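Asks: Let me see the structure of the following:
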Amino acid sequence: MGGKMRWKLATAHYLNCPGTEWEYNEQSRSTGKPQRRRFQVPRLLDPREPGDWTNSWGPKDNSDGEVIVCYEGKGEPRDIVFEGDPTPDMIPVDDEARELSASFEDRWRYKPETAEVPFAQTLVDELQETMKEARPVEIPGLADLASAVAQMAQTNQEMLKAWTPRRI
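Replies: Got it, this is the predicted structure:
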């Protein structure tokens, strides 16, 4: 695996990208000196956002583009470096990326067929299919409880009618 390893983002991702930090500043009450803390945070990359595109084409008013991510030293100069595993919503651009993504097939199990369907939506679809096939759960005594609640509601209605003054 000495060549390129690049993916095109099909949907928005929060990725761990080196150098993406958030800085927290406060002033110490006791000393009056500023205190700074830096935290590594994920970076939001959205293929619908022109500011995130690494490649774009077309006229300025009607341009289109894509976000290409890669591992350190495994991409083109404009690619965005990320750390961690690829996701099902990353489309492999080269053979090495395809090979690595294929190694996650079992973990992803329900990978989308097309780039237009995000992985999360395929999980929802799978859950809905499973729910259609599932039999209702029977809880012992639930029918008796429902009957008692209905009877109590009817009694409450009758009591309200009796207490409510009639208008002439």
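
Asks: give me the element the residue minimising distance to the centre of the chain is part of.
Replies: By C-alpha atoms, centre = their mean, the mean C-alpha position of the chain lies nearest to A120, the distance being 6.6 Å. In the assignment (DSSP states H and E), A120 maps to helix 119-133.

Asks: After that helix, which helix or strand is next? Please name it.
Replies: Using DSSP H and E, the next helix or strand after helix 119-133 towards the C-terminus is helix 142-163.

Asks: hang on, the earlier thing: next one: the residue nearest to the centre of the chain from G51, what distance?
Replies: Distance, A120 to G51, using C-beta to C-beta, to the nearest Å: 24 Å. Heads up, the C-betas are built off the backbone N, CA and C, glycines and all.

Asks: before we move on, what about R166?
Replies: For R166, the distance to G51 - C-beta to C-beta - is 70 Å.

Asks: Show me the helices in the protein, by range?
Replies: 95-102, 105-108, 119-133, 142-163 (DSSP state H).

Asks: Just name the most buried of those helices.
Replies: helix 95-102 (a mean of 16; mean count of other C-beta atoms under 10 Å).

Asks: Great, nothing more from me.
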